[in-house]
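Participant: give me a 3D structure for the following:
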Amino acid sequence: MKKVFVFCIGGTGIRVMKSVTMLMASGMSTNGYTVVPVILDPHLDLEEKKNLHTLIGSYQNIYNKTTNNGSLNHLDGFFNSEIVTINELNNQLNDTQQAAGSNERFGSYINVANLATDDINNYFIQTLFSTKNLDSPLSVGFKGNPNVGTVVLGEMIEGADWFKAFKQHCEKDDRVFIISSIFGGTGASGYPLLEKKIKGADSQPAVKNALMGAVTVLPYYGLKDPSTTGSDIDSANFYTKTKAALAYYEKTVKSDYLYYAGETSLIQVYENDEKKQDDTAHFIELVAASALFDFLQREKPETQQFLTRAIENAQNSLDLVSLGSGYKEIVKRVADYKLLGALIDILPNENYFPLKKNRGFNDDFYKDAAFKALVRFTEIYNKWYQELSTNKRAFAPLNTDNLKKMEGWVKNVSLDAKDDSYYLLKMIQTSNANKSKDHDNKFRFFLQFAHEAIDYYTKKILK
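Facilitator: This is a model prediction of the structure:
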């Protein structure tokens, strides 16, 4: 299998990978690449990181059920691409991707206490790092200080089991993609460090020469005034840090494709809590996630390429028109999955649905572990879309409230399916046309028929 190693650095990397997973569930294609996510964040107990691991596990569970654990080819629609963790790739029971964090303080990490008061190195350290820097515990990240992150992450990367596993399993024609922000500490320092480690793997040509892409996320949210929250992070400095990092990146980073995603102004303001980082899903994270899928469709360029994407009109709530034609596929995929969610709610109560008998979509099917896993994943998906559609700026291209007027499911597009009966009928027709004897996987048939029925009507969005 050909693989893409997706390195998710810091909180932004984690949130973008969540959107990547949701788009994969929606049917976005990875062009045949197996996605291998590697999460690099020094927070030891970050809930967001745990939730991403759980989400990826849920996706894998559903994907495996549709393929009979790999004995069948993947579906063409929902959950059509494989995700394999670096731990599974390495065939280890223990967690290869152990937390990179540590409870010790930065000053202890660099052994400041062992320096004499009049040692010139002590003066040098005081010049480079503030007292707050030196007293900061590594377990909560680098608090927007790339000068700290640069020192710590270099050693964390080189000595990490996950990096050794990556170098061992990266093969010819595999790719690398790095997700990070540029306005904080972990992402801004982690991206160039990781890229340098990969490009410097002279003894491993497959690693050194892997086609590499990266998405660098510019500021897209603000934080509440640190003077009222007691936080060490001040979002008033985000743009200054970004300009400094961009100047450094211009001369140092060598990724074949470098994508930029960001906001024109910090219209969303979150709680300033570096321990929880409990931020809702944001449109810019979705844009950054789309960069991975674009990268996987491209060939090696002759020279380094820099890419970004814009919206048609800077509206606070974005629909298909204000987003512009470049977002049609994303809107379609999200609309598709939301329609799948509607069918998941409707079908268990459709007593006269012919496929209940003909295909075994009966009460036992809806109580089975596979369908229950799909229901749980869909609940998380719905919450993700709800956050996107109510954030600032909002990604809200759908009207999902009225199942009796489903022709207006996508704003500014009139679908031919007026209500759910159109999709149910198309599922029946799709089932009747399917004579496959390759398997008897009811769950796979359910997702296949649902996707073909939905796609029949929503492909209009792409015109």
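
Participant: how about the longest helix belonging to the chain, which residues are buried there?
Facilitator: Longest helix in the chain, counting residues (DSSP state H): helix 369-390. Using 16 or more other Cβ atoms under 10 Å as the test for burial, helix 369-390 gives 370-371, 373-374, 377-378, 380-381, 384-385, 387-389. Every C-beta, even on glycine, is put in place using the N, C-alpha and C of the backbone.

Participant: by contact count, what packs against that helix?
Facilitator: helix 10-26, helix 47-66, helix 328-346, strand 394-395, helix 442-458 (3 or more Cβ pairs under 8 Å, 6 or more residues apart in numbering; DSSP states H and E).

Participant: dump the buried residues of helix 369-390 into CSV; add pLDDT and distance to residue 21 as well.
Facilitator: Output for these, formatted as CSV (pLDDT from 0 to 100; distance: Cβ to Cβ, whole Å):
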residue, pLDDT, distance to residue 21
370, 97, 18
371, 98, 20
373, 98, 14
374, 98, 14
377, 98, 10
378, 98, 13
380, 98, 10
381, 98, 9
384, 98, 9
385, 98, 13
387, 97, 14
388, 97, 14
389, 97, 18
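
Participant: ok, now which ones touch residue 395?
Facilitator: Shown in contact with residue 395 (Cβ atoms under 8 Å, 6 or more residues apart in numbering): 283, 286, 318, 323, 388, 389.

Participant: state the number of residues packed around residue 41.
Facilitator: 24 (other Cβ atoms under 10 Å).

Participant: what about it, distance to residue 12?
Facilitator: Computed with Cβ to Cβ, to the nearest Å, the distance linking residue 41 and residue 12 is 10 Å.

Participant: quick check: the gap between the spatially most central residue of the chain and residue 57.
Facilitator: Centroid check for the chain by Cα atoms, centre = their mean gives residue 17 as the closest residue, at 1.6 Å. With distances taken as Cβ to Cβ, residue 17 is found 13 Å from residue 57.

Participant: between those two, which contacts overlap?
Facilitator: By Cβ under 8 Å, 6+ apart, no residue touches both residue 17 and residue 57.

Participant: if we can go back for a sec, possible to save the buried residues of helix 369-390 as JSON lines with distance to residue 443?
Facilitator: Formatted as JSON lines, those follow (distance: Cβ to Cβ, whole Å):
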{"residue": "370", "distance to residue 443": "4"}
{"residue": "371", "distance to residue 443": "7"}
{"residue": "373", "distance to residue 443": "9"}
{"residue": "374", "distance to residue 443": "8"}
{"residue": "377", "distance to residue 443": "13"}
{"residue": "378", "distance to residue 443": "14"}
{"residue": "380", "distance to residue 443": "18"}
{"residue": "381", "distance to residue 443": "17"}
{"residue": "384", "distance to residue 443": "22"}
{"residue": "385", "distance to residue 443": "23"}
{"residue": "387", "distance to residue 443": "28"}
{"residue": "388", "distance to residue 443": "27"}
{"residue": "389", "distance to residue 443": "29"}
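
Participant: need the max-distance pair from these.
Facilitator: 370 and 389 (28.4 Å; Cβ to Cβ).

Participant: is it true that residue 213 lies in a helix?
Facilitator: No - Residue 213 is assigned strand when assessed by DSSP: H, G, I helix; E, B strand; the rest coil, not a helix.

Participant: can you tell me how far it sits from residue 192?
Facilitator: 15 Å.

Participant: repeat that for residue 445.
Facilitator: 48 Å.

Participant: again with residue 210
Facilitator: Taken as Cβ to Cβ, the span from residue 210 to residue 192 is 16 Å.

Participant: who touches stretch 251-264?
Facilitator: With Cβ under 8 Å, 6+ apart, stretch 251-264 has contacts from 178, 191-192, 195-196, 199, 211-221, 249, 284, 287-288, 291, 294-295, 298, 300-301, 304-309, 314, 393.

Participant: now do stretch 196-209
Facilitator: 157-158, 163, 166-167, 170-172, 174, 176, 210, 212, 252, 254.

Participant: distance from the chain centre to that stretch, please.
Facilitator: 25 Å (Cα atoms, centre = their mean, to the nearest Å).

Participant: give the buried residues for that stretch.
Facilitator: 197, 198, 199, 201, 207.

Participant: go on, stretch 239-252?
Facilitator: 241, 242, 245, 249.

Participant: among the contacts of stretch 196-209, which are in helices?
Facilitator: 157, 158, 163, 166, 167, 252.

Participant: which one among those residues sits at the bottom for pLDDT?
Facilitator: Across the ones in helices among the contacts of stretch 196-209, the smallest pLDDT goes to residue 158, namely 71.

Participant: would you map out the domains in this structure?
Facilitator: 3-101+141-309, 106-138, 326-462 (automatic domain parsing).

Participant: of those domains, which shows the lowest average pLDDT?
Facilitator: domain 106-138 (a mean of 68).

Participant: what about the helices in the stretch 151-300 of the chain?
Facilitator: Taking DSSP state H, counting those that start in this stretch to define them, one finds helices in the stretch 151-300 of the chain at 161-169, 186-199, 205-208, 226-229, 238-252, 283-295.

Participant: okay, the ones you listed in JSON lines with distance to residue 269 next?
Facilitator: Below are those laid out as JSON lines (distance: least, Cβ to Cβ, whole Å):
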{"stretch": "helix 161-169", "distance to residue 269": "34"}
{"stretch": "helix 186-199", "distance to residue 269": "20"}
{"stretch": "helix 205-208", "distance to residue 269": "41"}
{"stretch": "helix 226-229", "distance to residue 269": "11"}
{"stretch": "helix 238-252", "distance to residue 269": "12"}
{"stretch": "helix 283-295", "distance to residue 269": "14"}
